[in-house]
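Enquirer: Provided below for reference: sequence and predicted model.
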Amino acid sequence: MRNILIIAIALVCTLNTQAQNKTVPSVDLKDMNGKVINSSDFHNDGKPYVINFWATWCGPCKRELNNIAEVYEDWQDETGVKLYAISIDDARRSRQVKPYVDASGWEYEVLLDENSDFRRAMNVSNPPYTFLVDGNGKIVYQHISYTEGDEDELYEKIKALTN
């Protein structure tokens with residue numbers, strides 16, 4: 001049991017170390033109106049931003065983004081953070097994204113990665129998968145999966161970048 005714990009800690013440390021100093025790759029995505037947006041154009045005027053990979057078929061993804069939606073306005077007021085919610089629904093299922101987002105009232109920039117090109121470029125295995133990017137465009141943190149309260153840890157990381 002102790003060995004499993006040590007391996008798990010080493011894996012988390014490795015993932016966070018690998019995230020350090022990487023930048024966001026250049027991949028074309030679409031917004032919900034079909035306009036092409038390149039991920040290299042992601043910015044937030046020198047403030048941090050979050051990239052969250054999700055899907056309409058992923059319960060933990062929706063819970064995470066719905067929980068963040070409840071506090072997102074406060075996060076923006078306090079830190080200026082921006083969130084890009086990247087749907088990895090395929091072309092057939094992506095028609096469900098806009099109705100879901102509209103019904104949920106999300107204020108995020110929601111983009112579609114129908115061919116999973118961005119997902120592959122970011123080395124995302126399964127959603128939800130969250131990246132925090134600092135004001136200089138460097139990925140400084142990543143998190144796999146979702147458990148209630150993970151949004152609090154993410155917010156602490158965001159605040160540390162803005163202080």
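Expert: Cool, the structure landed.
Enquirer: Return the set of buried residues in the longest helix belonging to the chain.
Expert: When the chain is parsed with DSSP state H, its longest helix is helix 59-79. For helix 59-79, burial by neighbour count (16 or more other C-beta atoms under 10 Å) applies to 60-65, 67-69, 72, 75, 79. Using the backbone N, CA and C atoms, a C-beta is placed for each residue, glycine as well.
Enquirer: now what about it, what contacts it?
Expert: Residues from elsewhere that reach helix 59-79 (C-beta atoms under 8 Å, 6 or more residues apart in numbering): 47-48, 52-56, 81-83, 85, 100, 104-108, 127-128, 130, 145-146, 148, 150-151, 154-155, 158-159, 161-162.
Enquirer: name the helices or strands packed onto the helix or strand that it is followed by?
Expert: Using DSSP states H and E, the helix or strand that follows helix 59-79 in sequence is strand 82-87. Packing partners of strand 82-87 (3 or more C-beta pairs under 8 Å, 6 or more residues apart in numbering; DSSP states H and E): strand 49-54, helix 59-79, strand 109-112.
Enquirer: One more pass at 10 Å, please.
Expert: Strand 82-87 is packed against strand 28-31, strand 49-54, helix 59-79, helix 97-104, strand 109-112, strand 129-133, with contacts defined by 3 or more C-beta pairs under 10 Å, 6 or more residues apart in numbering; DSSP states H and E.
Enquirer: quick one: strands adjacent to that strand?
Expert: strand 49-54 (parallel), strand 109-112 (parallel) (DSSP bridges).
Enquirer: want to try TSV for those strands, with mean neighbour count, distance to residue 134 and mean pLDDT as columns?
Expert: Listed next are the strands paired with strand 82-87 as TSV, based on neighbours: other C-beta atoms under 10 Å; distance: least, C-beta to C-beta, whole Å; pLDDT from 0 to 100:
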stretch	mean neighbour count	distance to residue 134	mean pLDDT
strand 49-54	24	9	98
strand 109-112	20	18	97
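Enquirer: okay if I get these as a markdown table plus distance to residue 23?
Expert: A markdown table is the format used below for those (distance: least, C-beta to C-beta, whole Å):
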| stretch | distance to residue 23 |
| --- | --- |
| strand 49-54 | 12 |
| strand 109-112 | 18 |
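Enquirer: out of those strands, nearest to residue 22?
Expert: Across these, residue 22 has its closest neighbour in strand 49-54 (11.8 Å, C-beta to C-beta).
Enquirer: quick one: the closest one to helix 59-79, angle?
Expert: 170 degrees (axes from the mean of the first three to the mean of the last three C-alpha atoms, to 10 degrees).
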